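1. How does the following fold in three dimensions:
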Amino acid sequence: MLTVRRANERGHAQHGWLDSYHTFSFADYYDPRQMGFRGLRVINEDRVEPSQGFGTHGHSDMEILSYVLAGALAHKDSMGTGSTIVPGDVQRMSAGTGVRHSEFNASDRERVHFLQIWILPDRAGHAPGYEQKRFTAEEKRGRLRLVVSPDGQDGSVSMHADARLYATVLDAGVSVRHAVKPGRHAWIQVVRGSVTVMGTVLDVGDGAKTSDAGDLVLEGAGQDAAELLVFDLA
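-> Residues are numbered from 1 along each chain as shown. Next comes the predicted model:
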């Protein structure tokens, strides 16, 4: 069974400098029915105006991922890391025992559009850490490319959680399969275009979850290529 979370059902916050859609409860948006799924706690679709961003603030005991769709995101943190994240990059920051960071739009002309994703760690008290890797569109086209995993398998970014994140780009009519093993769960998030998942059409911004073991079949639908994320969760 597939349970769908439509894009227009998400929480929305408009702060002028930030336009944000919340798949799950976050900040001033609260829905007791939408508190996350398994270890997946936050999926925020953020658009930040030029030269604006999130000032220095703190986190602890959370695995935080950034997936940039357009523009450039400038990152700085209390570990001494400074980087710019662009489309194709996946960033992981382990907040662990505590870290302070800022995320700003690196451009003074264009908005940056990215997904902010939080996943609960396997335990509290990890040392803070940072990792960033690039995955080209060709690596993701027509296949599920593992981009985040607990052990850095296949060159993926590693994190302290029993979860795997796959990314794929699907042209119309092209399909991929993901086996949801017994005891595992899956969340699908569409970030561009439209896909069909087990006969259900999902459009950009839509999400869906399943806890049924078996093969998930995902197929590109529509004229433009679709891009989506698949979370495999404990």
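2. where does the nearest residue to Gly155 once chain neighbours are set aside land in three-state SS?
-> Spatial nearest neighbour of Gly155, chain neighbours left out: Lys133 (7.1 Å); criterion: Cβ to Cβ, 6 or more residues apart in numbering. Bear in mind the C-beta positions are built from the backbone N, C-alpha and C, glycine included. Secondary structure state of Lys133, per DSSP: H, G, I helix; E, B strand; the rest coil, is strand.
3. Quick one: end-to-end length of stretch 45-65, please.
-> 12 Å (Cα to Cα, to the nearest Å).
4. Can you list the buried residues in it?
-> 45-50, 52-54, 59, 61-65 (16 or more other Cβ atoms under 10 Å).
5. Which of the residues you listed fall in helices?
-> If you go by DSSP state H, these have nothing in helices.
6. Sitting in strands, which of the residues you listed do you find?
-> Glu45, Asp46, Arg47, Val48, Gly53, Phe54, His59, Glu63, Ile64, Leu65 (DSSP state E).
7. Out of the residues you listed, which comes closest to Ala161?
-> Nearest to Ala161 among those is Glu63, at 5.2 Å by Cβ to Cβ.
8. What distance do you get for the closest one to Asp215?
-> 27 Å (Cβ to Cβ, to the nearest Å).
9. sorry, back to before: tell me which two of the ones in strands among the buried residues of stretch 45-65 sit farthest apart.
-> The distance between the two most remote of those (Cβ to Cβ) is 23.0 Å, for Arg47 and Glu63.
10. How about residues contacting the helix or strand hosting Gln116?
-> Using DSSP states H and E, Gln116 maps to strand 112-119. Under the criterion Cβ atoms under 8 Å, 6 or more residues apart in numbering, residues 39-48, 62-73, 85, 105-106, 159, 161, 163, 165, 189, 191, 229 lie in contact with strand 112-119.
11. ok, 7 Å please
-> 39-48, 62-73, 105, 159, 161, 163, 191 (Cβ atoms under 7 Å, 6 or more residues apart in numbering).
12. now swap in stretch 15-29 and tell me
-> When contacts are defined by Cβ under 7 Å, 6+ apart, stretch 15-29 is touched by residues 5, 10-13, 31, 34-36, 41-49, 52, 205, 207.
13. quick check: mean pLDDT across stretch 20-32?
-> Averaging the model's pLDDT scores along stretch 20-32 yields 97.
14. State the distance spanning the first to the last residue of it.
-> Start-to-end, stretch 20-32 (Cα to Cα) is 19 Å.
15. In it, which residues are buried?
-> For stretch 20-32, the neighbour count (16+ other Cβ under 10 Å) marks Ser20, Tyr21, His22, Thr23, Phe24, Ser25, Phe26, Tyr29 as buried.
16. Ser158 versus the fifth one, what's the distance?
-> If I follow you right, that is Phe24. Phe24 is 24 Å from Ser158, by Cβ to Cβ.
17. Repeat that for the second one.
-> Spatial separation of Tyr21 from Ser158 under the definition Cβ to Cβ is 28 Å.
18. just the fourth one next, same as before
-> As judged by Cβ to Cβ, Thr23 and Ser158 stand 24 Å apart.
19. Where do the helices of this protein begin and end?
-> 137-140.
20. okay, and for it, where does confidence drop off?
-> The chain contains no residues with pLDDT under 70.
21. hmm, try it at 90
-> Applying pLDDT under 90 to the chain flags the ranges 1, 198, 212-213, 222-223.
22. in it, which residue is closest to the centre?
-> Ile117 (4.6 Å; Cα atoms, centre = their mean).
23. Mind listing the residues bridging to that one?
-> Counting by DSSP bridges, Ile117 forms beta bridges with Ile43, Leu65.
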